[in-house]
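S.K.: Just the structure for this:
(2 chains)
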2 protein chains.
Amino acid sequence: MSRQAELDQAAHERRDQLVSALIDWVRIPSISGVPAHAADVRRSAQHLRDRACEAGMTRAEVWETAGHPAVFAERIEDPQLPTVLVYGHHDVQPVDPLAEWHSPPFEPAVSGGELQGRGAADDKQHLLMHLEAVATLLQVEGRLPINLKLIAEGEEESGSPNFEALVRAHREELAADVVVISDTGMLGPEEPALTIGLRGLAYWEVRVLGPAADLHSGVFGGAVANPVAALCRLLAGLHDPQGRVAVPGFYDAVRPVSPGERAAMAAIPFDLAGFQAAAGVPALTGEAGWTPYERRSVRPTLDPCGIWGGYQGAGPKTIIPARAGAKLSCRLVPDQDPATITRLVREHLLRAAEPGVVVEVDDLQHGAWVLTDPDHPAVREAALAVAEVWGRSPALIREGGSIPPVATLAAELQAPCVLFGVILPDDRIHAPNERLVLEQLFRGVRATTRIWHRYGALGRAGLSAPAAPPAPGPPR
Amino acid sequence: MSRQAELDQAAHERRDQLVSALIDWVRIPSISGVPAHAADVRRSAQHLRDRACEAGMTRAEVWETAGHPAVFAERIEDPQLPTVLVYGHHDVQPVDPLAEWHSPPFEPAVSGGELQGRGAADDKQHLLMHLEAVATLLQVEGRLPINLKLIAEGEEESGSPNFEALVRAHREELAADVVVISDTGMLGPEEPALTIGLRGLAYWEVRVLGPAADLHSGVFGGAVANPVAALCRLLAGLHDPQGRVAVPGFYDAVRPVSPGERAAMAAIPFDLAGFQAAAGVPALTGEAGWTPYERRSVRPTLDPCGIWGGYQGAGPKTIIPARAGAKLSCRLVPDQDPATITRLVREHLLRAAEPGVVVEVDDLQHGAWVLTDPDHPAVREAALAVAEVWGRSPALIREGGSIPPVATLAAELQAPCVLFGVILPDDRIHAPNERLVLEQLFRGVRATTRIWHRYGALGRAGLSAPAAPPAPGPPR
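M.R.: Here you go, the predicted model:
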């Protein structure tokens, strides 16, 4: 039996144990965005720290931040070996609308090869995937072929407000030859992928203030501005009829996409029907002149994520609402700067404010876009490892989502980033009934042991060529 | 001491008793629009029935409907006397947003000559005003100068869904020479008014359905329709830049307002500064080419009363919402028909639905507009009674609100309608911190005893001339 076959066999035998560990952890409702769950986020951090020790990490600590705590763990085998820093997050998204969950989000259960629960796919499976690779390697080989560090953030789903400060404060301890980010996915169970690009993010809350209190719509209707109507006009004015963002200057910094890049994207086996089915929409739409894959990867967006105002109950209530509000979010692409876009959007909204109402814009979150070099040896070796497990080479894709910490780590540690994750397009992350497909996780463990061995074989020198740094987003 | 002075003196001495009775009744949270309060609405009906008996009505009954119960009471002195039917409602508006109340809405308290509480002004004070006039007249004179009937609806704030059937079922018992509607107000404490026009009403719920569930805005954003954005565009498309309703055909049936009518309206002592202060808005706005008074009385409106969709909590949540919805309401003027307007608005909204979303429109409420003849003796005599108490002639105003039962009573009973109420513009009806000004109520009692005496003196024959029927709204 080859060394890798032995590792695969060991991982296979440990599967039930892995699933049971994941269930235990998903039970902890570590929702970073809901203050009432602060103690749960801390409990999640302590739980992960203990798991890291059990897996064989020689140092495991809860790291405090100004917000929710992070977890750091490491196992240094030999300073001559390459050092890999794994990034993931142990916090999870809120669960509302709760009524749409088929089973309680924090009572995970396995059925049909799937595990349902908030945070199961995004992102707890990935952190356990790495720890499972550690445990398997130690069980079979007694040591790791690399030095491993792991940083698990507790505020990724809340915009990583303290991550940059944390990385700066611990830059020496986090130093690595390569950073592996595990918070992304693949195109399908038989369509493996590595991510080489992420969109950036800017997120605001907009409020429109009108009357001092809700007014009788008969007594006052017609003679006072309606904040809900004014907000609708504000938001409607953010796009032109072709689906382009109508904020002046919004596209100024967008890096042109070449015909060659468009051809390469067209060749990616993107499952359009599956994508539409996962979205559950009657039709795909979007900015004129671009394919659905392009609209969600290389084109920026501006979307309301929520809206509220006035009466939301049953039946009629005849009022002019006192105020209305909305959450607004952009996905940004190279070379858009979140701060510049924030300024443009705010100016546009304030300029468009109608008489009779006051418009306020709060800045909630910024995150830089990411583009990594697909020719870097760290990416190339990871792709070969994935190909061995999935039976075909991974597509190198640009994802629509944003992981602001990636740009932070790339910039602060000056290390190449490899984005390797096993989430599937229909895993319903950020939505009711989030799930993961266990076979993806199991394959992920097998790929991870291979990636570490390949990095170990390549050595520090091999991993650092070419010296070209990754292309991070603009400064935060 | 004159007869009227004796009545005024008696009413004055009974004031504390009246306030205490009102407080007892306001404590009952008779919110017809909230199913959990059904028993309270019934309790309110029973309470009013008992109060009517105490005041001296000789018959007082709770009348069942398919929804919340109504109350009927009468005192027939002499078939030769004119019969007056008083209309009011004993149900109240919902109280949300509850956090904005300075004191609990159903724990009424008197301070500074005001009584705060939901339903205190709209409409419980008016029903007690009439019963107090009865008790005062009986105390001083031992009989009423007219026959009095009273019908108090329990579903006015929910669109009066069963009132027409109730009136039809009891048409004989409700028959009267004149109907006095007490659910309206005045221009100010020293600016008395009688209402001669009300706007009609149509109310809908609009829903925009997109993805099957909330989606990750990074993974899907840009490639799927956003229901919140689509709803905003739908609502934004309902008006043109001049503030006119952009639904084709919306104004087709609007009766032109003559230059003479506009001049008469301009002469009404409408307190524009007070109106703006009561609204609590930085500026009055509305349809181009019309004054604020006209915009809220003789011009129709289309206003969203509420909107919802996606994430409404604290901080960022990066989703494409699965759906969004809004409450939409029109105030209608002669000769707009609520059913026709409903068809036009629905067709317009469905026609404007974008690819990728489904639009649904539910019909929640219809109510006809009202215009009464200002030269009718019943109006003229009521105006003289009000002038005696307030010291100046009441303005004859067209109100912006809607009281669908008025059109029902006018049409079914073929009787003239007099709209006499004492609500003030800043009484915050339908809003947090509803209140009434006690002096208005006390004056209202004094005016009511005068109105009954004037009607009695006029006799049935005098009250029925001229024979011109009131102008009701279009058929329901």
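
S.K.: The closest residue to residue A:119 other than its chain neighbours bridge partners, please.
M.R.: Excluding its sequence neighbours, the residue lying closest to residue A:119 (Cβ to Cβ, 6 or more residues apart in numbering or on different chains) is residue A:92, at 3.2 Å. (Glycine included, C-beta is placed from N, CA and C.) Going by DSSP bridges, residue A:92 is paired in beta bridges with residue A:31.

S.K.: Count the neighbours of residue A:92 for me.
M.R.: Counted with other Cβ atoms under 10 Å in any protein chain shown, the neighbours of residue A:92 add up to 32.

S.K.: Around chain B, pick out the residues from the stretch 1-150 of chain A.
M.R.: The stretch 1-150 of chain A has residues A:33, A:34, A:35, A:93, A:94, A:96, A:97, A:100 near chain B, with proximity defined as Cβ under 8 Å from any Cβ of the partner chain.

S.K.: ok, and the most crowded of those?
M.R.: residue A:93 (25 neighbours).

S.K.: That residue contacts residue A:122, doesn't it?
M.R.: Yes - Residue A:93 is within contact range of residue A:122, at 7.2 Å (criterion: Cβ atoms under 8 Å).

S.K.: what touches both of these two?
M.R.: When Cβ atoms under 8 Å, 6 or more residues apart in numbering or on different chains defines a contact, the residues bordering residue A:93 and residue A:122 alike are A:429, A:430, A:434.

S.K.: Please identify the helix or strand for the residue lying farthest from the centre of chain A.
M.R.: Ranked by distance from the centre of chain A (Cα atoms, centre = their mean), the top residue is residue A:219, with 48.6 Å. Taking DSSP states H and E as the criterion, residue A:219 maps to helix A:217-220.

S.K.: just how off-centre is that helix within its chain?
M.R.: 46 Å (Cα atoms, centre = their mean, to the nearest Å).

S.K.: Rounded mean pLDDT for the next helix or strand after that helix, please.
M.R.: Counting by DSSP H and E, the next helix or strand C-terminal to helix A:217-220 is helix A:227-236. Averaged over helix A:227-236, pLDDT sits at 98.

S.K.: Would you map out the domains in chain A?
M.R.: Domain assignment for chain A by automatic domain parsing gives A:3-198+A:369-472, A:201-254+A:300-366.

S.K.: closest to residue B:143 out of those domains?
M.R.: Residue B:143 lies closest, by Cβ to Cβ, to one member of these: domain A:201-254+A:300-366, at 38.0 Å.

S.K.: Now for chain A, the helix or strand with the poorest mean pLDDT.
M.R.: strand A:471-472 (a mean of 50; mean pLDDT, DSSP states H and E).

S.K.: quick one: the helices in the stretch 301-450 of chain A?
M.R.: In the stretch 301-450 of chain A, the helices defined using DSSP state H, counting those that start in this stretch lie at A:338-351, A:377-390, A:404-413, A:438-464.

S.K.: how about CSV for those, with distance to chain B and mean pLDDT added?
M.R.: Listed next are the helices of the stretch 301-450 of chain A as CSV, based on distance: least, Cβ to the nearest Cβ, whole Å; pLDDT from 0 to 100:
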stretch, distance to chain B, mean pLDDT
helix A:338-351, 13, 98
helix A:377-390, 20, 97
helix A:404-413, 11, 92
helix A:438-464, 16, 96
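
S.K.: from these, which stretch is densest packed?
M.R.: The highest mean neighbour count among these, using mean count of other Cβ atoms under 10 Å in any protein chain shown, belongs to helix A:404-413: a mean of 23.

S.K.: Just confirm residue A:197 is within a strand.
M.R.: Yes - counting by DSSP: H, G, I helix; E, B strand; the rest coil, residue A:197 is part of a strand.

S.K.: any weak-confidence spans in chain A?
M.R.: A:465-476 (pLDDT under 70).

S.K.: what are the phi and psi values for the residue nearest to the spatial centre of chain A?
M.R.: Taking Cα atoms, centre = their mean, the centroid of chain A lies closest to residue A:403, which sits 4.6 Å from it. Main-chain torsions, residue A:403, degrees, to the nearest 10: phi -130, psi 80.

S.K.: Isn't it up against residue A:198?
M.R.: Yes - with contact defined as Cβ under 8 Å, residue A:403 counts as touching residue A:198 (5.6 Å).

S.K.: Find residues that contact each of these two.
M.R.: In terms of Cβ under 8 Å, 6+ apart, residue A:403 and residue A:198 are both contacted by the residues A:184, A:370, A:419.

S.K.: any idea how far the last one lies from chain B?
M.R.: The reference is to residue A:419. 13 Å (Cβ to the nearest Cβ, to the nearest Å).

S.K.: Spatially nearest residue to that residue, not counting backbone neighbours?
M.R.: Sequence neighbours aside, residue A:195 is the residue nearest to residue A:419 in space, at 3.8 Å (criterion: Cβ to Cβ, 6+ apart).

S.K.: same question, residue A:114
M.R.: residue A:435 (4.7 Å).

S.K.: The one you found bridge partners, please.
M.R.: Beta-bridge partners for residue A:435, by DSSP bridges, are residue A:116.

S.K.: With residue A:306 instead?
M.R.: Counting by DSSP bridges, residue A:306 is bridged to residue A:327, residue B:310.

S.K.: check contacts around it.
M.R.: Neighbouring residues of residue A:306 by Cβ under 8 Å, 6+ apart: A:326, A:327, B:228, B:309, B:310, B:311, B:312, B:317, B:319, B:321.

S.K.: How about residue A:253?
M.R.: Residue A:253 makes contacts with A:335, A:336, A:337, A:340, as judged by Cβ under 8 Å, 6+ apart.

S.K.: so which of the residues you listed would you say is closest to chain B?
M.R.: Nearest to chain B among the contacts of residue A:253 is residue A:336, at 13.7 Å by Cβ to the nearest Cβ.

S.K.: Was I right to think that closest one contacts residue A:201?
M.R.: No - if you go by Cβ under 8 Å, residue A:336 and residue A:201 don't touch, sitting 10.4 Å apart.

S.K.: Next, count neighbours for the nearest residue to residue A:401 once chain neighbours are set aside.
M.R.: In space, residue A:401 comes closest to residue B:218 once its chain neighbours are excluded; the distance is 2.9 Å by Cβ to Cβ, 6+ apart. If you count neighbours by other Cβ under 10 Å, residue B:218 ends up with 27.

S.K.: With residue A:193 instead?
M.R.: Residue A:193, neighbours per other Cβ under 10 Å, totals 26.

S.K.: gap between it and residue A:426?
M.R.: According to Cβ to Cβ, to the nearest Å, residue A:193 and residue A:426 sit 15 Å apart.

S.K.: got it, and residue A:260?
M.R.: Noted for residue A:260: a distance of 31 Å to residue A:426, by Cβ to Cβ.

S.K.: what does residue A:291 give?
M.R.: Relative to residue A:426, and taking Cβ to Cβ, residue A:291 is found at 20 Å.

S.K.: Repeat that for residue A:132.
M.R.: 24 Å.

S.K.: Likewise for residue A:211?
M.R.: 45 Å.

S.K.: Which one's more surrounded, those two?
M.R.: The neighbour comparison of residue A:211 against residue A:426 (other Cβ under 10 Å) goes to residue A:211, with 25 against 16.

S.K.: host element of that one?
M.R.: According to DSSP H and E, residue A:211 maps onto no helix or strand at all.

S.K.: my guess is it meets residue B:278, correct?
M.R.: No - using Cβ under 8 Å, residue A:211 is not in contact with residue B:278; the gap is 9.1 Å.

S.K.: if I read this right, the residue nearest to residue A:119 contacts residue A:31, doesn't it?
M.R.: Yes - using Cβ under 8 Å, residue A:92 is in contact with residue A:31, at 5.7 Å.
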